[in-house]
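>>> just need the structure, nothing else, for what follows:
(chains A and B)
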Amino acid sequence: EAGVVQSPRYKIIEKKQPVAFWCNPISGHNTLYWYRQNLGQGPELLIRYENEEAVDDSQLPKDRFSAERLKGVDSTLKIQPAELGDSAVYLCASSPTGGRVTGELFFGEGSRLTVL
Amino acid sequence: AQSVTQPDIHITVSEGASLELRCNYSYGATPYLFWYVQSPGQGLQLLLKYFSGDTLVQGIKGFEAEFKRSQSSFNLRKPSVHWSDAAEYFCAVANTGNQFYFGTGTSLTVIP
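Alright, predicted model coming up:
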């Protein structure tokens, strides 16, 4: 069974440029998460989807970040415009459970963003 | 609010020595607890999890962890460390609403 797939693995852009990251979760996993991981830190939640609904986006900087999960399968996270402080690894994770049932997270390999 | 504290930023052990990584959590109800490992340039891989039942849980790669409610702890242990165990280790707590909170991680170096 394929794991969580993310692309691109690496992205280098200049500040003020846009960037997008794509995630395809494990088949059948209804819940999808986007995390940001700064160097030397643990993952911090940006947004969580249950199917196509964003159920927790309180930590998403909505002035420059946006996300979508059309049809409740794969998802895209966009930053426009990027700032120097956005340099980080963006992790996608999926879970087979949702609602009030908690299950483990399965992570992709991440997308490392460097903003110059 | 839930939170996780991993007091050790970096630990160095000799190969073959025992290992214990500390994790303390803050959560009002019975937590769901996890340990994940992250190798350089990789995503996080689940080592083990505690949902309920036996407070000593076994995981992959010879790791185990013990849930101690009285101490709000979920420490990770391994009796004999291998060089391939060198990585970053993250403790996480989750609630019944699928909200996960991660610690800042402990970096493990293994000396030959």
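
>>> what sits against the residue nearest to the spatial centre of chain B?
The centroid of chain B falls nearest to B:Trp35 when counting by CA atoms, centre = their mean (3.6 Å). Contacts for B:Trp35 were tallied using CB atoms under 8 Å, 6 or more residues apart in numbering or on different chains; they are B:21, B:23, B:46-49, B:59, B:63, B:65, B:74, B:76, B:89-92. Every residue, glycine included, has its C-beta placed from N, CA and C.

>>> among the residues you listed, which are in strands?
The strands, defined by DSSP state E, take in B:21, B:46-49, B:65, B:74, B:76, B:89-92 from the contacts of B:Trp35.

>>> how about the residues you listed in CSV, adding neighbour count?
Listed next are those as CSV, based on neighbours: other CB atoms under 10 Å in any protein chain shown:
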residue, neighbour count
B:Leu21, 23
B:Leu46, 16
B:Leu47, 23
B:Leu48, 19
B:Lys49, 20
B:Ala65, 26
B:Phe74, 28
B:Leu76, 22
B:Tyr89, 24
B:Phe90, 25
B:Cys91, 29
B:Ala92, 26
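
>>> among those, which ones lie close to chain A?
B:46, B:49, B:90, B:92 (CB under 8 Å from any CB of the partner chain).

>>> pull the most distant pair out of those residues.
The most widely separated members of these are B:Lys49 and B:Phe90, with 12.6 Å between them, by CB to CB.

>>> so A:Lys15, which state does it fall into?
Assigned with DSSP: H, G, I helix; E, B strand; the rest coil, A:Lys15 falls in the coil class.

>>> pop out the phi and psi values for it.
The phi/psi pair for A:Lys15 (degrees, to the nearest 10) reads phi -60, psi 150.

>>> again, but for the one 3 residues further on
A:Pro18 adopts backbone torsions of phi -90, psi 160, taken as degrees, to the nearest 10.

>>> so it touches A:Leu77, yeah?
No: under the criterion of CB atoms under 8 Å, A:Pro18 is not in contact with A:Leu77, lying 11.6 Å apart.

>>> who's more crowded, the two?
More crowded of A:Pro18 and A:Leu77, by other CB atoms under 10 Å in any protein chain shown: A:Leu77, with 23 against 11.

>>> quick one: strands adjacent to the host helix or strand of the more buried one?
Using DSSP states H and E, A:Leu77 sits within strand A:75-79. Strand A:75-79 has the following strand partners under DSSP bridges: strand A:19-24 (antiparallel), strand A:65-68 (antiparallel).

>>> may I see the ones you listed arranged in TSV, with mean pLDDT and mean neighbour count as well?
Shown next, in TSV, are those (pLDDT from 0 to 100; neighbours: other CB atoms under 10 Å in any protein chain shown):
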stretch	mean pLDDT	mean neighbour count
strand A:19-24	98	19
strand A:65-68	97	18
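
>>> could I get these as JSON lines with distance to B:Gly97?
As requested, those are exported to JSON lines (distance: least, CB to CB, whole Å):
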{"stretch": "strand A:19-24", "distance to B:Gly97": "21"}
{"stretch": "strand A:65-68", "distance to B:Gly97": "19"}
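
>>> can you list the residues of chain B near chain A?
Contact residues, chain B versus chain A (CB under 8 Å from any CB): B:4, B:32, B:34, B:36, B:41-46, B:49, B:51, B:90, B:92, B:94-100, B:102-105.

>>> residues in contact with the helix or strand of chain A with the lowest mean pLDDT?
Using mean pLDDT, DSSP states H and E, strand A:53-56 stands out as the lowest-scoring helix or strand of chain A, at a mean of 92. With CB under 8 Å, 6+ apart as the test, strand A:53-56 has contacts from A:45, A:47-49, A:67, A:69, B:99.

>>> if anything else comes up later, I'll come back, but that's it for now.
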